[in-house]
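S.K.: 3D, please:
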Amino acid sequence: MMNKLEQLKQRSLVVADTGDIEAIRRYQPEDATTNPSLLYKAAQLPQYEAHLKSALAWAEKSGGDVIQQAAMKLAVTIGKEILNIVPGVVSTEVDARLSFDTRASIDYARRLIALYEQEDIARERVLIKLASTWEGIQAASILEQEGIGCNLTLLFSQSQAVACAEAGVTLISPFVGRILDWYKASTGRDDYTAEDDPGVQSVTGIYEYYKSRGYKTIVMGASFRNTGEIEALAGCDKLTISPQLLQELHEDKGQLAAGLSGDFAPQEVPETAMSEAEFRYQLNDDAMATEKLAEGIRNFVADQLKLEALLEQTAQK
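M.R.: Okay, here's the model as predicted:
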């Protein structure tokens with residue numbers, strides 16, 4: 001009997017949700033995704049100190065804000081190392097402080113791609129991660145037209161998913177566990193099963209919406225709290241999973257749960273795309289999505305600042 005991780009890989013493309021190179025080597029995912037939180041965690045490992053120093057040395061010669069430039073270079077350096085292991089793509093995130101600035105997000109993304117291309121990494125192997133704000137989605141729409149694939153993250157609602165599909169983005173990362181966190185806190189319930197998990201239900205609804213209407217945007221479930229959530233979404237296009245949960249799946253020799261159905265009746269695509277006013281109203285009307293999006297941006301900014309502080313400390317040594 002194959003373990004559950006092996007069974008899962010037969011139904012969904014498995015992505016490693018980590019910047020830890022050794023963990024990626026161990027579990028052999030198709031792709032990998034990083035964010036400021038994961039980069040900060042990885043950068044604290046002793047084996048990454050040389051990367052920090054190298055990024056700082058490069059930034060000192062490049063002009064501009066040395067620490068911010070070094071953080072960008074470090075993200076690309078770790079991304080390149082990941083791409084030496086995974087056969088697919090790596091996701092690298094735009095500074096979350098730019099989540100409400102379309103033009104600045106586009107410029108940052110272009111700089112990331114230029115750094116990858118200087119390292120002989122084709123843009124086809126990189127996805128630019130942007131928060132699923134209206135401004136982030138509009139930035140992604142423009143970048144996609146330039147051949148720069150985008151991964152829209154911090155996605156918690158149907159309205160965000162619809163706007164992303166209509167913008168033609170390559171991939172979305174709807175968050176499962178953070179939705180569950182919100183409902184646990186707001187209802188006081190702590191006994192959600194995989195079947196009634198609101199995060200699983202949200203991603204299932206988005207997946208069905210896309211597939212029944214023929215949208216090409218890839219759905220990648222993210223932010224899992226337990227393996228039950230992962231099994232319930234087996235069959236989703238991609239699933240990005242932390243090393244801890246990858247290990248649990250690897251050690252489990254049981255039968256993988258049935259997961260998602262792939263049989264949906266065709267539905268009509270809306271005749272007109274969602275407007276900015278409609279997007280903002282629908283997002284505002286969803287307390288969970290509004291709160292988790294704002295919280296997610298704040299947390300990514302906080303970890304970006306921690307990463308920059310770590311680079312500052314390294315520069316002073």
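S.K.: tell me which residues in the one helix or strand Y183 maps to are buried?
M.R.: For Y183, the element it lies in under DSSP states H and E is helix 177-187. By neighbour count with 16 or more other C-beta atoms under 10 Å, helix 177-187 contains the buried residues 177-183. Bear in mind the C-beta positions are built from the backbone N, C-alpha and C, glycine included.
S.K.: send the alpha carbons of it over as CSV?
M.R.: Extracted in CSV, the C-alpha atoms of helix 177-187 (Å, rounded to 0.1, in the frame of the first residue of the first chain):
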residue,chain,number,x,y,z
GLY,A,177,-6.8,26.8,7.7
ARG,A,178,-7.0,30.6,8.3
ILE,A,179,-10.7,30.4,7.4
LEU,A,180,-11.2,27.6,9.9
ASP,A,181,-9.3,29.7,12.5
TRP,A,182,-11.7,32.6,12.1
TYR,A,183,-14.8,30.4,12.4
LYS,A,184,-13.5,28.6,15.5
ALA,A,185,-12.9,32.0,17.1
SER,A,186,-16.2,33.5,16.0
THR,A,187,-18.5,30.6,16.8
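S.K.: quick one, strands of the stretch 51-200 of the chain?
M.R.: 90-93, 126-131, 150-155, 171-174 (DSSP state E, counting those that start in this stretch).
S.K.: ok, residues contacting the first one?
M.R.: What it means is strand 90-93. 31-36, 75-76, 79, 82-83, 112, 116, 125-130, 151, 153, 300 (C-beta atoms under 8 Å, 6 or more residues apart in numbering).
S.K.: now swap in the second one and tell me
M.R.: For strand 126-131, the surrounding residues in contact (C-beta under 8 Å, 6+ apart) are 33, 35, 79, 89-94, 96, 99, 105, 109, 112-113, 116, 136-137, 139-140, 143, 148-154, 170-171, 173, 293, 296-297, 300.
S.K.: and if you look at the last one?
M.R.: Counting by C-beta under 8 Å, 6+ apart, the neighbours of strand 171-174 from elsewhere in the structure are 33, 127, 129, 132, 149-156, 160-161, 164-165, 202-203, 206, 217-223, 238, 240.
S.K.: for the helix holding Y183, what is the distance to the chain centroid?
M.R.: Centre-to-centre, helix 177-187 and its host chain are 19 Å apart (C-alpha atoms, centre = their mean, to the nearest Å).
S.K.: likewise for stretch 148-168?
M.R.: 11 Å.
S.K.: model confidence over it, on average?
M.R.: Averaged across stretch 148-168, pLDDT comes to 98.
S.K.: do stretch 305-317 as well
M.R.: 95.
S.K.: buried set for that stretch?
M.R.: Buried residues in stretch 305-317 (16+ other C-beta under 10 Å): 306-308, 310-311, 314-315.
S.K.: now intersect these with the helices, please.
M.R.: Mapping the buried residues of stretch 305-317 onto helices (DSSP state H) picks out 306-308, 310-311, 314-315.
S.K.: circling back to that earlier point, going by neighbour count, which of the contacts of strand 171-174 are buried?
M.R.: 33, 127, 129, 132, 149-156, 160-161, 164-165, 202-203, 206, 217-223, 238, 240.
S.K.: so which residues of this structure form helices?
M.R.: According to DSSP H, the helices that the chain contains are 4-9, 21-27, 36-43, 49-62, 66-83, 102-118, 134-145, 158-167, 177-187, 198-213, 227-232, 243-251, 276-285, 287-316.
S.K.: circling back to that earlier point, for the buried residues of stretch 305-317, give me JSON lines that also has distance to V66.
M.R.: Listed next are those as JSON lines, based on distance: C-beta to C-beta, whole Å:
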{"residue": "K306", "distance to V66": "17"}
{"residue": "L307", "distance to V66": "14"}
{"residue": "E308", "distance to V66": "10"}
{"residue": "L310", "distance to V66": "14"}
{"residue": "L311", "distance to V66": "9"}
{"residue": "T314", "distance to V66": "11"}
{"residue": "A315", "distance to V66": "7"}
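S.K.: and these, which two are furthest apart?
M.R.: K306 and A315 (15.0 Å; C-beta to C-beta).
S.K.: for stretch 60-68, how far is the first residue from the last?
M.R.: One end of stretch 60-68 sits 11 Å from the other (C-alpha to C-alpha, to the nearest Å).
S.K.: this completes my enquiry, with thanks.
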